[in-house]
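Student: Predicted structure and sequence below. I'll ask about it afterward.
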Amino acid sequence: RDQLCRPTFNEFFNEVVLKGFPGMPPEAVPPGGLLTMLFFGNINGWWPYRHKKNVLMIHFSEMKSKHKAMIQKIANFLDIQPTQEQWERVLEYTSFDWMKKHQIKFEVTTLLPFKLLNEGGMVRKGKAGSAKEDGMTDEISAVIRDFAGKLVPDEEARKWLFNGGEIEPPKS
């Protein structure tokens, strides 16, 4: 844990995010470090499949801004029709308030042999767009966008990664 934690977000970003997981040989760390390993690689891997009938991509910001509509979209995608009672439970169990009250279910307590995050570190504030409150700076944001420009070649994928929104239907 001490190898990952830093006093400031800026230090964490520069010393951990960009350099990869502690102990990784520098030659094994891709350009962009953890940004590539956790985000850019994910979007690059899934983006080509976004129009497949068995793939549904939903952005976190949409889950926050249109929770009920996104849950309905998932149900439609899965072709399920919950009863009214089931809907109430689904909406409750997928709400920030419920997750915050039961945050131990969402912590990474068994992922690593040490405690990575303090209690409440996974289910934090329940809102999108609050990175600056956690230490994001314009400089770090510019570095992230620069790496994305180099490492996520599809402009539409980059736009969706940062902003969410509807994914355009395939061009015929």
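Tutor: On my side now, so go ahead.
Student: so where is this structure shaky, pLDDT-wise?
Tutor: Residues of the chain meeting the criterion pLDDT under 70: 1, 108-130.
Student: Residue 158 is in contact with residue 150, isn't it?
Tutor: No: the criterion here is C-beta atoms under 8 Å, and residue 158 misses it with residue 150 at 10.3 Å. Just so you know, the C-beta spots here come from the backbone N, C-alpha and C atoms, and that holds for glycine as well.
Student: Among these two, which residue is more densely surrounded?
Tutor: Taking neighbours as other C-beta atoms under 10 Å, residue 158 and residue 150 compare with residue 158 leading, 18 against 12.
Student: residue contacts, the more buried one?
Tutor: Contact partners of residue 158, counting by C-beta atoms under 8 Å, 6 or more residues apart in numbering, are 43, 148-149, 152.
Student: Name the surrounding residues that touch the helix or strand harbouring residue 90.
Tutor: Using DSSP states H and E, residue 90 falls within helix 84-93. For helix 84-93, the external contacting residues (C-beta under 8 Å, 6+ apart) are 67-68, 71, 75, 82, 98.
Student: Considering these, which possesses the most neighbours?
Tutor: The most crowded member of the contacts of helix 84-93, judged by other C-beta under 10 Å, is residue 71 (19 neighbours).
Student: And for residue 89, the neighbour number?
Tutor: Counted with other C-beta under 10 Å, the neighbours of residue 89 add up to 12.
Student: sorry, back to before: list the buried residues for the helix holding residue 90?
Tutor: residue 90 (16 or more other C-beta atoms under 10 Å).
Student: After it, which helix or strand is next? Please name it.
Tutor: helix 96-101.
Student: and that following helix, how far from the chain's centre?
Tutor: Once both centres are worked out by C-alpha atoms, centre = their mean, to the nearest Å, helix 96-101 turns out to sit 18 Å from its chain's centre.
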